[in-house]
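1. quick one, fold the following:
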Amino acid sequence: MNQDRSVLQRHRAGYVPKVPELLLARPGNLKVVEGERVACPDPDVPGYFPNTCGHPVLTFRDSVEPGVTAALRVGVVLSGGQAPGGHNVIAGLLDGIREAHPDSKLFGFLAGPGGILKGDAVELTPDKVEPYRNTGGFDIIGSGRDKIESEQQLKAALNSCTELKLDGLVVIGGDDSNTNAAVMAEHFLARRSRTCVVGVPKTIDGDLMNDWVEQSFGFDTATKVYSELIGNICRDADSARKYWHFIKLMGRSASHVTLECALQIRPDVTLIGEEVQARGMTLRQVVDAVAGAVIRRAVAGKNYGVCLIPEGLIEFIPEVGVLIRRLNDLLAKHGADKAAGMLPADSARVFQELPDGIARQLLIDRDSHGNVQVSRIQLPGPFLRIRGALLGAVQLRHRLYRLSGQDRRRAAGQPPYRVHVRCQEPGGPGDRLGAVRRAGHRPAAHGDPPRGAQAGDREGAGGSGWSGVPGFRPPAGILGC
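-> You can find the predicted model right below:
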């Protein structure tokens with residue numbers, strides 16, 4: 001098998017991930033120590049999870065005595081979108097249980113939580129796992145997004161674990177997947193099952209960060225890869241000097257990926273959903289603010305740039321969030337054909353202001369966890385307004401040139417500014433809100449204003465209507481140029 005691998009694959013296979021020293025020594029001799037019980041901040045949760053809520057914090061200590069004296073049978077499932085490190089979690093799990101006892105076995109449920117419900121599992125042997133070490137993806141056993149919540153589903157999951165005689169079930173996934181894990185753990189414990197359920201925090205979005213989870217696996221690798229791609233696009237923008245690139249990044253319910261990439265690359269504009277929400281900004285204000293940044297750079301002779309946008313931005317806009325919640329209720333009862341016509345007046349106004357593409361996509365089916373499928377919302381939609389607005393600003397600036405007597409050659413010919421927009425998706429803050437100011441990301445020579453107009457370019461111009469006027473300031477809070 002080694003002979004069939006490339007040099008890069010052999011080098012990657014030889015990498016040894018860093019693990020805590022405690023796990024490196026004798027994983028079979030770990031001792032579990034109970035700490036203080038955790039009080040639940042939500043008073044309603046104990047009613048739903050009476051058997052699992054309020055348990056003590058567990059820590060691990062090295063011990064002279066072996067902690068595992070019998071072979072273990074453990075199941076593992078990959079759930080949700082793939083993230084870098086998933087295969088290594090499975091490889092490390094297999095290594096650990098076999099180190100604790102050589103006869104331990106690991107079983108992988110195929111195609112996500114649906115595999116648990118169907119009892120569709122395969123044994124993951126060392127030979128099966130070895131080629132997947134240090135590789136990305138979730139293809140070793142596949143993944144899925146099935147929701148486990150009904151009594152029938154919970155019974156099927158328990159039956160699958162009982163038939164395999166599992167001592168443990170490891171759920172590798174994000175917030176929705178770990179909700180599945182919590183519900184199964186409660187159900188299993190109530191039925192006195194021998195199967196313990198463990199959740200492993202996986203999410204590129206980083207939306208599982210809390211007091212107990214400093215960082216979920218997948219985030220670090222993803223942001224480094226994205227930042228390299230975005231840096232290449234920034235270099236292209238500086239070289240061509242005629243394009244605006246709008247780049248959508250992962251992040252349905254958190255903007256951590258967008259912020260991390262912005263801190264590494266320092267693009268021209270970055271939108272941060274949490275701050276848009278905190279300031280109660282409307283969709284119109286967000287679009288106006290981005291258009292303002294484009295225009296200010298055009299006035300400075302820089303008809304190019306890069307803007308980062310989290311894919312879940314639209315859900316952070318308060319008025320759109322209210323609209324989505326109301327649509328969810330109406331869609332569940334009346335379907336897409338009638339839902340839009342039954343909205344209250346304030347939400348109906350917001351819905352009518354949305355570009356047609358986004359409005360249609362807000363009516364499409366939710367995922368199995370009830371979430372709007374923001375990855376299906378096409379990025380160019382809301383920014384088509386920018387193109388129309390920029391054209392008005394170009395014409396206004398043209399008139400100002402003529403009235404002031406500056407650059408009569410340009411005033412008599414083509415407009416001095418032509419702005420091109422490219423929308424990109426590399427993966428599947430000036431004030432603090434959403435904009436990270438440029439601070440020397442590109443060489444000074446590359447930041448100089450371009451010479452001459454770019455009216456002869458073949459691609460169409462875009463544009464905005466209310467800047468280019470001396471003293472103009474865009475809406476506070478979104479951008480830095």
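2. I'd like the distance between residue 289 and residue 332.
-> 34 Å (CB to CB, to the nearest Å). Bear in mind the C-beta positions are built from the backbone N, C-alpha and C, glycine included.
3. residue 109 now?
-> 30 Å.
4. tell me the spacing between residue 62 and residue 29.
-> For residue 62, the distance to residue 29 - CB to CB - is 6 Å.
5. any idea which element residue 75 lies in?
-> Using DSSP states H and E, residue 75 maps to strand 73-78.
6. can you check residue 106 too?
-> strand 105-109.
7. okay, buried residues for that strand please.
-> 105-109 (16 or more other CB atoms under 10 Å).
8. ditto for stretch 183-197
-> 183-189, 193, 195, 197.
9. inside helices: which ones of those residues?
-> 183-189 (DSSP state H).
10. closest to residue 307 out of the residues you listed?
-> Residue 307 lies nearest to residue 183 out of these, by CB to CB, at 39.6 Å.
11. is the closest one in contact with residue 149, as I believe?
-> Yes. If you go by CB atoms under 8 Å, residue 183 and residue 149 touch, sitting 6.1 Å apart.
12. for residue 253, grab the count of nearby residues.
-> By other CB atoms under 10 Å, the residues close to residue 253 number 18.
13. where does it sit: helix, strand or coil?
-> Residue 253 falls in the coil class when you classify it by DSSP: H, G, I helix; E, B strand; the rest coil.
14. which ones are touching the residue lying closest to it once chain neighbours are set aside?
-> For residue 253, ignoring the flanking residues on the chain, the nearest one in space by CB to CB, 6 or more residues apart in numbering is residue 207 at 5.0 Å. Applying CB atoms under 8 Å, 6 or more residues apart in numbering, we find residue 207 in contact with 174-175, 251-254, 256.
15. switch the cut-off to 10 Å
-> Listed by CB atoms under 10 Å, 6 or more residues apart in numbering, the contact set of residue 207 reads 174-175, 201, 216, 219, 251-257, 312.
16. which of those residues tops the neighbour count?
-> Going by other CB under 10 Å, residue 255 tops the contacts of residue 207 with 32 neighbours.
17. quick one: the helices in the stretch 1-150 of the chain, in order.
-> 7-13, 21-25, 45-48, 86-100, 113-118, 126-129 (DSSP state H, counting those that start in this stretch).
18. er, the stretch 151-300 of the chain I mean
-> Using DSSP H, counting those that start in this stretch, helices in the stretch 151-300 of the chain cover 151-163, 175-190, 219-240, 256-265, 273-278, 283-299.
19. any chance of those helices in CSV, plus mean pLDDT and distance to residue 351?
-> Conversion of the helices of the stretch 151-300 of the chain to CSV gives the following (pLDDT from 0 to 100; distance: least, CB to CB, whole Å):
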stretch, mean pLDDT, distance to residue 351
helix 151-163, 97, 34
helix 175-190, 95, 26
helix 219-240, 95, 32
helix 256-265, 95, 26
helix 273-278, 94, 19
helix 283-299, 87, 11
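20. what would those look like in TSV with distance to residue 16?
-> Shown next, in TSV, are the helices of the stretch 151-300 of the chain (distance: least, CB to CB, whole Å):
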stretch	distance to residue 16
helix 151-163	32
helix 175-190	27
helix 219-240	16
helix 256-265	26
helix 273-278	37
helix 283-299	45
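21. how far away is the residue nearest to residue 48 when sequence neighbours are not counted from residue 177?
-> Using CB to CB, 6+ apart and skipping residues adjacent in sequence, the residue nearest residue 48 is residue 186, 7.7 Å away. As for residue 186, its distance to residue 177 is 15 Å (criterion: CB to CB).
22. now what about stretch 13-31, what contacts it?
-> Contacts for stretch 13-31 (CB under 10 Å, 6+ apart): 1-2, 5, 59-69, 85, 88-89, 91-92, 95-101, 104, 130-135.
23. ranking the helices of the stretch 1-150 of the chain by burial, who's on top?
-> Most buried of the helices of the stretch 1-150 of the chain by mean neighbour count (mean count of other CB atoms under 10 Å) is helix 113-118; its value is a mean of 22.
24. I'd like to know which elements that one is packed against.
-> Helix 113-118 is packed against strand 73-78, strand 105-109, helix 151-163, strand 168-173, helix 175-190, with contacts defined by 3 or more CB pairs under 10 Å, 6 or more residues apart in numbering; DSSP states H and E.
25. out of the ones you listed, which is closest to residue 296?
-> Nearest of the helices and strands packed on helix 113-118 (CB to CB): helix 175-190, 38.0 Å.
26. the closest one versus helix 151-163: what angle between them?
-> 70 degrees (axes from the mean of the first three to the mean of the last three CA atoms, to 10 degrees).
27. okay, angle between helix 175-190 and strand 73-78 too, please.
-> Angle of helix 175-190 versus strand 73-78, following the same axes, to 10 degrees, is 150 degrees.
28. show me where the stretch 1-150 of the chain dips below the pLDDT cut-off.
-> In the predicted model, the stretch 1-150 of the chain carries pLDDT under 70 at residues 1-3, 25, 27-28, 67-68.
29. what's the neighbour count on residue 42?
-> Using other CB under 10 Å: residue 42 sits among 9 other residues.
30. re earlier: can I get the buried residues of strand 105-109 in TSV with distance to residue 236?
-> Below are the buried residues of strand 105-109 laid out as TSV (distance: CB to CB, whole Å):
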residue	distance to residue 236
105	51
106	45
107	47
108	42
109	43
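31. of these, just say which sits nearest to residue 265.
-> residue 108 (37.2 Å).
32. how about the nearest residue to the closest one, chain neighbours excluded?
-> residue 141 (3.8 Å).
33. was I right to think the one you found contacts residue 110?
-> Yes. Using CB atoms under 10 Å, residue 141 is in contact with residue 110, at 5.4 Å.
34. what touches both of those two?
-> Common neighbours of residue 141 and residue 110 (CB under 10 Å, 6+ apart) are 77-78, 120-122.
35. can you tell me which of those residues lies nearest to residue 265?
-> For these, the nearest to residue 265 is residue 78 (30.2 Å; CB to CB).
36. quick check: bridge partners of that closest one?
-> Counting by DSSP bridges, residue 78 is bridged to residue 172.
37. check contacts around it.
-> Taking CB under 10 Å, 6+ apart as the test, what residue 78 contacts is 86-87, 89-90, 108-113, 115, 137-144, 170-173, 177, 200, 202.
38. I am finished for the moment; much appreciated.
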